[in-house]
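**Student:** Here's a sequence, model it:
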Amino acid sequence: MDKKILAIIIVVVAILAIVTSVLVLDVFTPKADFENKFMTGTLYGLYYIEENATNTTGWEDAYIDSTNNITYDFLAIKNSTFLIDMLKHFGMKKISSENYNGQNWDIYFLNFNDMPDLFKSYDSGYLLVTTKNDVDYIVMVSSFKVTSDTSLDSELFTSYINPLMKTITLKNAYNAPEIYKFMDISKEEFNTMVKYIDANGWDILNKI
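**Tutor:** So this is what the prediction gives:
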């Protein structure tokens, strides 16, 4: 594989690591409201650690429930198809579509244990995505402690994700970045990567 193409694809994988500097919130609470540039909602759990959304574009947000070992990642970007297709190639499975507050969300299960070594450091969980006004809103919730599986009956989904999704309100995010800007690469580099994969198939990623 072309070394430059490989380097760019590895950057794509880094999208999953939305972790930045942390600020501990010393508040014992069964729930915590959050608000960012593109959505509002309520998280359910204890002792939250807020992760400042300062990396790359500011159109991402992340929180950790340190008691229940749950990580919440939120993202707003345009044209997330490439990211979704890549994760599907690596084994992400669509398990349902649900409507929350009048918005249809596709729900995927991510079992990183079944994915290549490059993903082994991530915890399994769920990815939810919806599109509004040409912007893709993504919610990813994962945990190594709370159980999850390919159903919507797991503890992670019923006790944490479902209550969260019922509270989410999407904001207008017309200025959300194109995916290549979120990846911090040029449009030309992104197009080169896409053309390379179109010509060689997604199986080239197995060589990473």
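**Student:** all helices for the chain, in order.
**Tutor:** Taking DSSP state H, the helices of the chain run over residues 3-13, 81-89, 155-156, 162-165, 179-182, 187-200.
**Student:** residues of the longest one that come out buried?
**Tutor:** Put plainly, it is helix 187-200. 189-190, 192-193, 196-197 (16 or more other C-beta atoms under 10 Å). In short, each C-beta sits where N, CA and C put it, glycine included.
**Student:** For the protein, which element, helix or strand, carries the lowest mean pLDDT?
**Tutor:** Sorting the helices and strands of the chain by mean pLDDT, DSSP states H and E puts strand 22-24 at the bottom, at a mean of 43.
**Student:** related to what we said a few turns ago, okay, the helices of the chain in CSV with mean pLDDT and distance to residue 99 next?
**Tutor:** Below are those laid out as CSV (pLDDT from 0 to 100; distance: least, C-beta to C-beta, whole Å):
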stretch, mean pLDDT, distance to residue 99
helix 3-13, 57, 30
helix 81-89, 86, 19
helix 155-156, 95, 20
helix 162-165, 96, 10
helix 179-182, 84, 25
helix 187-200, 85, 31
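**Student:** right, and these - which one's nearest residue 36?
**Tutor:** Across these, residue 36 has its closest neighbour in helix 162-165 (13.8 Å, C-beta to C-beta).
**Student:** Which strands or helices does that closest one pack on?
**Tutor:** Helix 162-165 sits against strand 39-44, strand 135-143, with contacts defined as 3 or more C-beta pairs under 8 Å, 6 or more residues apart in numbering; DSSP states H and E.
**Student:** Single out the most deeply packed of the ones you listed.
**Tutor:** The highest mean neighbour count among these, using mean count of other C-beta atoms under 10 Å, belongs to strand 135-143: a mean of 22.
**Student:** who's in contact with that strand?
**Tutor:** 16, 38-39, 68-80, 105, 110, 122-131, 148, 156, 160-161, 164-165, 168, 170, 173-174, 176 (C-beta atoms under 8 Å, 6 or more residues apart in numbering).
**Student:** go with 6 Å
**Tutor:** With contact meaning C-beta atoms under 6 Å, 6 or more residues apart in numbering, strand 135-143 is reached by 69-78, 80, 123, 125-130, 156, 161, 170, 173, 176.
**Student:** are any of those residues buried, and which?
**Tutor:** Neighbour counting by 16+ other C-beta under 10 Å classes 70-78, 80, 123, 125-130, 156, 161, 170, 173, 176 among those as buried.
**Student:** pLDDT weak spots in the chain?
**Tutor:** By pLDDT under 70, the weakly predicted segments of the chain are 1-29, 46-57, 112-122, 204-208.
**Student:** mind redoing it with 90?
**Tutor:** Low-confidence segments of the chain, defined by pLDDT under 90: 1-36, 43-73, 82-92, 110-124, 144-145, 179-186, 189-208.
**Student:** Need the residue closest to the centroid of it.
**Tutor:** Closest residue to the average C-alpha location of the chain: residue 140 at 4.0 Å, with C-alpha atoms, centre = their mean.
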